[in-house]
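Enquirer: quick one, fold the following:
(chains A, B and C)
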Amino acid sequence: MKNRHLCSMEDLSTVDIMEILHQAQQFSRGENWEPERKAFAANLFFEASTRTKCSFEMAERKLGLDVIPFDADQSSIQKGETLYDTAKTLEAIGVDCLVIRHGKDHFYEELLENVHIPIINGGDGCRQHPTQCLLDLYTIWQEFGKFEGIKVTIAGDIRHSRVARSNAAALKKLGAEVTFSGPKEWFEEDYFKAGRLVEIDEAVKETDVMMLLRIQHERHGSPASTDAARYHKEFGLTIDREKKMKEESIILHPAPVNRGVEIDTSLVECERSRIFKQMENGVYIRMAVLKRALEETKRRSGEYV
Amino acid sequence: MKNRHLCSMEDLSTVDIMEILHQAQQFSRGENWEPERKAFAANLFFEASTRTKCSFEMAERKLGLDVIPFDADQSSIQKGETLYDTAKTLEAIGVDCLVIRHGKDHFYEELLENVHIPIINGGDGCRQHPTQCLLDLYTIWQEFGKFEGIKVTIAGDIRHSRVARSNAAALKKLGAEVTFSGPKEWFEEDYFKAGRLVEIDEAVKETDVMMLLRIQHERHGSPASTDAARYHKEFGLTIDREKKMKEESIILHPAPVNRGVEIDTSLVECERSRIFKQMENGVYIRMAVLKRALEETKRRSGEYV
Amino acid sequence: MKNRHLCSMEDLSTVDIMEILHQAQQFSRGENWEPERKAFAANLFFEASTRTKCSFEMAERKLGLDVIPFDADQSSIQKGETLYDTAKTLEAIGVDCLVIRHGKDHFYEELLENVHIPIINGGDGCRQHPTQCLLDLYTIWQEFGKFEGIKVTIAGDIRHSRVARSNAAALKKLGAEVTFSGPKEWFEEDYFKAGRLVEIDEAVKETDVMMLLRIQHERHGSPASTDAARYHKEFGLTIDREKKMKEESIILHPAPVNRGVEIDTSLVECERSRIFKQMENGVYIRMAVLKRALEETKRRSGEYV
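Expert: As a prediction, this is how the structure comes out:
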């Protein structure tokens, strides 16, 4: 049975994933869908975000949802209210769907049992960011029309990335070949199940998709290995390395980009970059995810809530 | 004559109150009302709030109002602009209705003479919070179908509560029997006019409505009598006390709840709790209050403003 | 060829200006215009504002635009993202028009080449604030029906004002006679091209339009010449000076007003004050500017973006 929440990529089978990608494609081609009655969303972002928050806001409006503004800094969270009570409050007020970003790993676990409206995870701690993962998958599928046999290199700050692990797992399930690249000390034991660690100079020559990750300066205090210029030279996508990439290969990055660190600034908008395309695709993916959540909630209860 | 503003419960006669409760009931049953032309609201919240702000936002959208976002931290209040000039600015720009929460008692007094659009008080200092009072009244009326003879205990931080005094006065006017419960040092002389102070252990056995108030940690610096565990044991609604309540009696709390202080955490969603019901009702009450304000403004001027 | 951006008054010819004023007048008379498809705006305000931000929000809604909320404090700017990448992100997500206020002079220069959606300058550093300038011009034109021969005094903190220079230049181009008034140390060499410096006591007797500027306490650290009472007495519009003004002359101020500094508090809403009228007019001007930007973008590309 489908899950009305979307908290983790592990909630989704490969069939589910492909359904979402197809729906996103329909939205990108102009399909319209609106809920049968006026419906309300709220976006609870407890961490800074431009892309993800604005993308959800756009997706919600394109589906005709009304969005109830929520500002974490001005909320009763400041008076010590729990996330659970905040979510229940919004449910009681009549919100039909919650998108939540929160710095705590698995924040959603305390919500799932008693909150009856769908919860979409907009990013939790260093763990999951399922709509980012889905938009990465969609961008690859849009480019190559398949996952089977596509070579994907996940490069950079794989330890602190919300998407490295779940992207790797999803890509493998879908038939892609995954490798990792980046500083050895950020590569953890369990990554070997998903793919081996390769040097960036080797990776650029082989890969179809160079999936760069953002150095999460705000999440680790180790300045040694993150010294920007040195990192760029040893592990980043330099101008020279880009030249060695295969003809049809593409570059992904979840952004915000640290220009001159993960990638040379001149490559951000180069021909093989799909970085801004990913953002465009994110809106369609989020429309698909929201539609699915509202429809599944309705299917279960005969009503959205 | 009706008042187009709603600043204090004293603005309302018992007839006014009953009209608002009946209108809220109509909205809860699906009645629609929209202003005759596109109308605009703005919510000026100078203090943290989830429930009240989101509830007004929802009520406004359900009435088809457009909401102009206002962020106190990013406003010209930061450059020293007065509340009066801010309100006049929003009026000049074309806003039809202002909801204001402000830490200053009677903040609205300087606005009433020269601001021509309705002002709804969303909470001022330790004084008034009329829509909270109305939603409490509505929840009681919804439950018992009357006020006459209903026993209501207002329990907790009655000194710092925005609603203790005005709830007590309104309930008495409507025919309910009011008592208070809580630390003696928070009980003030003038409360005796509205009702006597009783021990919580006595109150639970007698009352129809246990109306708990929130300990306003952020408003008083006296840690002695607010030590959480001790307060809970002496003055709070414990599991044992709840068991002694009458069969049909209900629990109210304006939230955010200090779980384990005013009320045991397991009781927040117990069968007699109407805490989340109050939040749902708050939307209907605010719809009724906004409709009344806009209609009254129109009646006076032939136009909303 | 028209410019789809509006970054500076220098982007506009006198013909352009008059077109915008006429369009604003049409909007003030109830004309409706909406884009042919659902269109989206975002307001990126990196400095405090009530009037300008709320005015753009109102104008956007009156044109039927959907507004994607953007909070600088909660955005990826906090993670070091550049303004360029933020603007490109919003473009990629599907926003059709950006309004930006930023403390950096000429912030827009890095955006114009590669951002394809229109940029409206909502105020940059101490430089430009074209929609403020236009609404000042509109208010004068509304009053006198012409600019030719109208005497305008720009008085106050001309050095730190975003609008002093561009208002003076635009007014001269349109045929008005400009003079300045205020502390000599704030009057700069190049102002002489636009008009001479006169004593406030002389100015009040001659001028048709007393255009007061706000003392930008937040922009200069020189308390000596800004001592409020002394400033008011030497350079401000006192009750006595107002009495000496010509019968038909009017008072403008961009607000927020420092009451008792630039102007006596009792004059803010006096008969010749157009201060709140300016705010009302600002909405119509911004509607005209947004319509122009969207239409021009469409004319160039066959689509809004």
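
Enquirer: mind checking the SS state of the residue nearest the centre of chain A?
Expert: Taking CA atoms, centre = their mean, the centroid of chain A lies closest to A:Gln132, which sits 1.3 Å from it. Here A:Gln132 is recorded as helix under DSSP: H, G, I helix; E, B strand; the rest coil.

Enquirer: quick one, domains of chain A?
Expert: A:9-129+A:281-301, A:130-279 (automatic domain parsing).

Enquirer: put together TSV for those domains, with mean pLDDT and distance to chain C on each row.
Expert: All C-beta spots, glycine's among them, are computed from the backbone N, C-alpha and C. As requested, those are exported to TSV (pLDDT from 0 to 100; distance: least, CB to the nearest CB, whole Å):
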stretch	mean pLDDT	distance to chain C
domain A:9-129+A:281-301	94	4
domain A:130-279	91	4
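
Enquirer: got those domains as TSV, with distance to B:Ala168 columns?
Expert: Shown next, in TSV, are the domains of chain A (distance: least, CB to CB, whole Å):
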stretch	distance to B:Ala168
domain A:9-129+A:281-301	24
domain A:130-279	49
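
Enquirer: quick one, which of the ones you listed is nearest to chain B?
Expert: Among the domains of chain A, domain A:9-129+A:281-301 comes nearest to chain B, with 3.8 Å by CB to the nearest CB.

Enquirer: next, the distance between the ends of that closest one.
Expert: 24 Å (CA to CA, to the nearest Å).

Enquirer: ok, stretch A:134-152 next?
Expert: The first residue of stretch A:134-152 is 15 Å away from its last residue (CA to CA).

Enquirer: buried set for it?
Expert: A:134-144, A:147, A:150-152 (16 or more other CB atoms under 10 Å in any protein chain shown).

Enquirer: wait, doesn't the residue nearest to the centre of chain A sit right on A:Leu252?
Expert: No. Counting by CB atoms under 8 Å, A:Gln132 sits too far from A:Leu252 to count as a contact (10.5 Å).

Enquirer: tell me if A:Thr153 really is in a helix.
Expert: No. Under the criterion used here (three-state DSSP), A:Thr153 is strand, not part of a helix.

Enquirer: up against chain B, what does chain A have?
Expert: By the rule CB under 8 Å from any CB of the partner chain, the part of chain A lying against chain B is A:38, A:40, A:42, A:66, A:68-71, A:73-82, A:85-86, A:88-95, A:114.

Enquirer: heading C-terminal from the host helix or strand of A:Leu90, find the next helix or strand.
Expert: In this assignment (DSSP states H and E), A:Leu90 forms part of helix A:83-93. On the C-terminal side of helix A:83-93, the nearest following helix or strand under DSSP H and E is strand A:97-102.

Enquirer: so what touches the next helix or strand after that following strand?
Expert: Next helix or strand after strand A:97-102 toward the C-terminus (DSSP H and E): strand A:119-124. Identification of contacts with strand A:119-124 by CB atoms under 8 Å, 6 or more residues apart in numbering or on different chains yields A:5-8, A:43, A:45, A:47, A:49, A:52-53, A:56, A:87, A:97-108, A:111-112, A:128-132, A:162, A:289-290, A:293.

Enquirer: from C:Glu202, how far off is A:Met9?
Expert: 74 Å (CB to CB, to the nearest Å).

Enquirer: then A:Arg61?
Expert: 55 Å.

Enquirer: looking at the two, which one has more neighbours?
Expert: Shown here are A:Arg61 and C:Glu202; by other CB atoms under 10 Å in any protein chain shown, A:Arg61 has more neighbours (20 against 13).

Enquirer: how about the secondary structure of the more buried one?
Expert: With three-state DSSP as the basis, A:Arg61 sits in helix.

Enquirer: how much does the helix ranked longest in chain A deviate in direction from strand A:119-124?
Expert: If you go by DSSP state H, chain A has its longest helix at helix A:275-301. On the basis of axes from the mean of the first three to the mean of the last three CA atoms, to 10 degrees, helix A:275-301 is oriented at 150 degrees to strand A:119-124.
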